[in-house]
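A.B. asks: please work out how this folds:
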Amino acid sequence: MEQKSKTQLDPGAMASWSISEFLKKLSSEEPIPGGGSVSALAGALGAALIIMYCKLGKNRKGASSDDQESLQKILTEAALYENQLTRMITEDSVAYGEVMNAFKLPKTTEEEAKARQQAIQKAFQKAVEAPMAVLNACVECLYLVAECSVLGNPSAFSDLKVAQYLCETGAKGAIENIDINLPSIKDEQFLAQVNAKVAKLKKGLEQASQQKVAKPA
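C.D. replies: Predicted structure coming up:
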């Protein structure tokens with residue numbers, strides 16, 4: 001399969017694509033962008049909806065100064081995760097692109113074969129680290145959903161629920177991308193570290209998903 005051009009995979013590039021352009025490239029026969037980038041996009045959309053919900057809550061009639069302060073804090077945190085997840089839309093595809101490029105390296109000599117194998121392993125590690133970052137950001141956003149729910153505008157509560165579903169989807173998609181790449185990694189120390197981190201993040205996802213997201217009165 002023909003890889004997308006390097007300029008298209010520069011960090012941040014995909015975030016500048018139009019929706020129709022992204023969908024066209026996503027539905028093509030090319031492997032990137034794929035599920036990893038979509039997981040990051042889902043999380044970024046969820047974070048953006050959290051920000052909107054907080055802004056509407058701050059401006060609602062009768063919002064106390066304490067509520068406004070709390071919502072400002074939450075939306076500031078959500079904005080950081082939105083920016084991170086937006087970058088990850090591209091970076092996840094960049095990581096997978098490095099895997100494909102590594103497999104294309106020559107292996108006619110013993111030295112070339114060794115260098116190729118090292119490049120493949122390094123690329124697979126990046127292909128795991130990228131969705132791990134997405135998973136972490138999505139889990140943190142889920143905590144923010146529960147935190148801001150009762151403080152917002154009741155008329156926008158459905159938007160917050162959409163944010164919740166998007167962040168859950170982004171997190172679950174990231175887990176799938178981690179799980180599919182881990183078996184290709186041979187570094188036992190790296191695997192042990194990743195498995196420990198992923199187990200912690202999965203537990204965090206379960207806890208965040210079980211938090212009560214209550215509609216404001």
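A.B. asks: pLDDT score for the residue lying farthest from the centre of the chain?
C.D. replies: Within the chain, Thr109 marks the point farthest from the mean C-alpha position, 38.9 Å out by C-alpha atoms, centre = their mean. Note for Thr109: predicted pLDDT of 94.
A.B. asks: over to Ser27: give its phi and psi.
C.D. replies: When read as degrees, to the nearest 10, the backbone of Ser27 gives phi -90, psi 0.
A.B. asks: quick check: phi and psi at Trp63.
C.D. replies: You called it Trp, but residue 63 is Ala. Per degrees, to the nearest 10, the backbone of Ala63 is at phi -70, psi 130.
A.B. asks: over to the one 3 residues further on?
C.D. replies: As for Asp66, its main-chain torsions (degrees, to the nearest 10) stand at phi -70, psi -40.
A.B. asks: quickly note the distance from it to Pro216.
C.D. replies: Separation of Asp66 from Pro216 (C-beta to C-beta, to the nearest Å) stands at 14 Å. Where C-beta positions appear, they are placed from N, C-alpha and C, glycine not excepted.
A.B. asks: who has more neighbours, those two?
C.D. replies: Pro216 (18 against 9; other C-beta atoms under 10 Å).
A.B. asks: verify the stated contact: that one with Leu160.
C.D. replies: No - with contact defined as C-beta atoms under 8 Å, Pro216 does not reach Leu160; the gap is 9.6 Å.
A.B. asks: any common contacting residues for those two?
C.D. replies: Common contacts of Pro216 and Leu160, defined by C-beta atoms under 8 Å, 6 or more residues apart in numbering, comprise Ser149, Gly152.
A.B. asks: can you list contacts of whatever helix or strand Glu21 lives in?
C.D. replies: In this assignment (DSSP states H and E), Glu21 forms part of helix 19-26. Contact partners of helix 19-26, identified using C-beta under 8 Å, 6+ apart, comprise Lys4, Met14, Trp17, Pro33, Gly34, Ser37, Val38, Leu41.
A.B. asks: what comes up buried for that helix?
C.D. replies: For helix 19-26, the neighbour count (16 or more other C-beta atoms under 10 Å) marks Phe22, Lys25, Leu26 as buried.
A.B. asks: of the contacts of helix 19-26 - the most surrounded one?
C.D. replies: Neighbour max across the contacts of helix 19-26 (other C-beta under 10 Å) = Met14, 28 neighbours.
A.B. asks: so who does that residue touch?
C.D. replies: Contacts of Met14 (C-beta under 8 Å, 6+ apart): Gln8, Phe22, Pro33, Ser37, Ile89, Thr90, Ser93.
A.B. asks: if I look at the residue farthest from the centre of the chain, how far off is Met132?
C.D. replies: Applying C-beta to C-beta, the value for Thr109 to Met132 is 35 Å.
A.B. asks: hmm, back to that, dump the buried residues of helix 19-26 into TSV; add pLDDT as well.
C.D. replies: Formatted as TSV, the buried residues of helix 19-26 follow (pLDDT from 0 to 100):
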residue	pLDDT
Phe22	93
Lys25	93
Leu26	94
